[in-house]
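My questions concern the predicted model and sequence given below.
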There are 2 protein chains.
Amino acid sequence: MATMADVARAAQVSITTVSHVVNGTRPVHEDTVRRVRAAIERTGYTPNILARALARASTQSVGLALGGLSNPYLGDVIAAVEHEAARHDLTVLVGDTRDDPEQELRIVQALVRRRVDGLLLSPSPGAAERALPWLAAQRVPVVLIDRFADPRLDQVGSDNEEPTARLVEHLAELGHTRIGLVAGLPGLTTTAERVRGYRLGLARAGLAVDEALIGAGGSERAAAERATAALAAVADPTTALVSGNNLMTIGAMRALADRGLRVPDDMALVGFDDFEWAGLFEPRLTVVAQPAGEIGACAVGLLRARLDDPSRTPQAVRLPARFVHRASCGCR
Amino acid sequence: MATMADVARAAQVSITTVSHVVNGTRPVHEDTVRRVRAAIERTGYTPNILARALARASTQSVGLALGGLSNPYLGDVIAAVEHEAARHDLTVLVGDTRDDPEQELRIVQALVRRRVDGLLLSPSPGAAERALPWLAAQRVPVVLIDRFADPRLDQVGSDNEEPTARLVEHLAELGHTRIGLVAGLPGLTTTAERVRGYRLGLARAGLAVDEALIGAGGSERAAAERATAALAAVADPTTALVSGNNLMTIGAMRALADRGLRVPDDMALVGFDDFEWAGLFEPRLTVVAQPAGEIGACAVGLLRARLDDPSRTPQAVRLPARFVHRASCGCR
DNA sequence: CTGTTAGCGCTTTCAG
DNA sequence: CTGAAAGCGCTAACAG
């Protein structure tokens, strides 16, 4: 594969000059430019960006470490991050932490070994014990995305409490008094905040909290199926359910369908997270949509800001979620 | 950030020795190993794999360029490729060609600039004019995945013709005589093969081909909606539909629901591609499942084989698809 | 068992 | 407007 030296030889100029025409880093006589470009063409030269990164001590890339890449919400976040990064000539390297602290550490290390300029991380429960301290020791610029974990770091995520409360209130207004929650993984700030929102919503509606109606959905589909089945079977059962994220919503639907319960007639169902097919299911799902695009863009913005001023004081940004009113709540 | 030189100094050994204990590339006295490991610990050393790649002339990474990363089928392929790659200490860099020849070329170039050791590419229509010739000129090892395009390259994909024929025959056995096809993007080998399978299935069932029943679904949801609507409205309309891929199946369902047509009673629907939620829709979808896992693993295998013997003769591998019988075909 | 040394391909002073 | 040369962090002969 052709190198700059090959091009230089072919164009009868120094490597320095080739470098400068490739990067536009200093004025070069236009005839020379032409000769160099021709030589590049002729040799089929393709820059080696590893070598460039080594010499420049910057890879112009950022790492993005998330848990559960197959989650469509995260897909939107990835797309947004890549879009925003591309606008600033940054490449994105993504890795899946699987929300496991050890795997998270491995992924984060892999990214740092690749010398990403900074890192966007959705901290797993346990990040504070493994990945975060390691990153701090390496002095790698980090911004936390989607979930919050450490005020000493820049962080950005959706508002969780208020929108969840709103979901509950909506159900209460429809006359429901036994409203269950399929809650996410304990240890995630998002879970805690959404549970808080659930309690808040009940309180606002003048409803008491029945701890038996808070099911452990584990942030994923299978556990949510079990939790939903349990919630549909308690004494004086629930007539409405709030699900804590998209995967659990799917699980809840599956569990309800399996027991012959129809949504919304037998059980109203609303959830956190919108997803592409939420409007395709029957009935169409009423949900709270996280601002995935804004979150991704904001995260990149925060990282860039920190990159060019490492001593900036850390910010925590909350972005508002959107209530998407469809039919699964029981409204016509 | 600590370098090998820092570690060497801290451990009072040469850089060479540090390199060898880090990589296990030659025997080192165990006391020395201990000293070096301690120094690594102490300095917080993290290897710079860019520098390593530059020195070794190998990045131990492969590029994976696909069209439409949000497609769940491709998600499975990606997971399989990463899994198989990881087993051989290879990292995967993925890029989205959006099935656009220009974007495809850009992505492929970006990957080569990163000096991936080889490339897995799902060729867009038009790859033969842009990306493929460029790659050939660069002499980058390439294996084509999912779609076929050039016998001079290694290629691997699903069997398309026979499974599609099987879908059609199944519908015919159920008594359908007006069977429509929502076909994919022209120019893709997968599309052509599935259309061929459709014709073959009709022939085997003793049914004539009515060209009016072949709709242009464009391989994506929106076009498939339009095509489906049209197929449901032709004179002597179809009573059963075969969809050419997962996205188009979604579009077909949407279009049918919008016109109040129930599956399978008013219109039977079967499709190519299984996807996570195919069993969640009502009715559950009867589909042909591509062997995404095997395809991904095989692609990595072919690339590795070529990497260590560039003069190997190119192989084209067809992997069998699986018929997943559920309810949308109208069977009880 | 360990160290010296010459690169890998590129950027970037410094000098002209 | 152009070039020589030092060096980014690491690997791998080669020599001992």
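Now that the structure is in, tell me what you want to look at.

Please determine how far the closest residue to A:Gly126 other than its chain neighbours is located from B:Ile78.
Leaving aside its chain neighbours, A:Gly126 sits nearest to A:Pro101 (3.3 Å; criterion: CB to CB, 6 or more residues apart in numbering or on different chains). All C-beta spots, glycine's among them, are computed from the backbone N, C-alpha and C. Applying CB to CB, to the nearest Å, the value for A:Pro101 to B:Ile78 is 24 Å.

Go ahead and confirm the residue nearest to A:Gly126 touches A:Arg130.
Yes. Assessed by CB atoms under 8 Å, A:Pro101 is found in contact with A:Arg130 at 4.7 Å.

and A:Pro133, how many neighbours?
Residues within reach of A:Pro133, counting by other CB atoms under 10 Å in any protein chain shown, total 12.

For it, pull up the helix or strand it's in.
In this structure, A:Pro133 sits in helix A:131-138 according to DSSP states H and E.

So that helix, near DNA strand D or not?
No. Using CB under 7 Å from any atom of the strand, helix A:131-138 never reaches DNA strand D; the gap is at least 12.8 Å.

Can you list the neighbours in contact with that helix?
A:97, A:101, A:104-105, A:108-109, A:112, A:119, A:121, A:123-124, A:142, A:149-150, A:153, B:1, B:44, B:46 (CB atoms under 8 Å, 6 or more residues apart in numbering or on different chains).

at 7 Å instead, please
A:101, A:104-105, A:108, A:112, A:119, A:121, A:123, A:142, A:149-150, B:1, B:44, B:46 (CB atoms under 7 Å, 6 or more residues apart in numbering or on different chains).

out of those residues, which are buried?
A:101, A:104-105, A:108, A:112, A:119, A:121, A:123, A:142, A:149-150, B:46 (16 or more other CB atoms under 10 Å in any protein chain shown).

in those residues, which two residues are the furthest apart from each other?
A:Ala149 and B:Thr46 (21.7 Å; CB to CB).

What is the subsequent helix or strand relative to the helix holding A:Pro133?
Downstream of helix A:131-138, the first helix or strand assigned by DSSP H and E is strand A:142-145.

Looking at that next one now, give me its mean pLDDT.
For strand A:142-145, mean pLDDT rounds to 98.

Each with direction, which strands does that strand pair with?
strand A:118-121 (parallel), strand A:154-158 (parallel) (DSSP bridges).

outside of it, which residues touch it?
By CB under 7 Å, 6+ apart, strand A:142-145 touches A:118-123, A:135, A:150, A:153-157, A:295, A:299, A:302-303, A:306.

Export the contacts of helix A:131-138 as JSON lines, with columns for secondary structure.
Shown next, in JSON lines, are the contacts of helix A:131-138 (DSSP: H, G, I helix; E, B strand; the rest coil):
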{"residue": "A:Pro101", "secondary structure": "helix"}
{"residue": "A:Glu104", "secondary structure": "helix"}
{"residue": "A:Leu105", "secondary structure": "helix"}
{"residue": "A:Val108", "secondary structure": "helix"}
{"residue": "A:Val112", "secondary structure": "helix"}
{"residue": "A:Leu119", "secondary structure": "strand"}
{"residue": "A:Leu121", "secondary structure": "strand"}
{"residue": "A:Pro123", "secondary structure": "coil"}
{"residue": "A:Val142", "secondary structure": "strand"}
{"residue": "A:Ala149", "secondary structure": "coil"}
{"residue": "A:Asp150", "secondary structure": "coil"}
{"residue": "B:Met1", "secondary structure": "coil"}
{"residue": "B:Gly44", "secondary structure": "coil"}
{"residue": "B:Thr46", "secondary structure": "coil"}
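
where's the dip in pLDDT among those residues?
B:Met1 (89).
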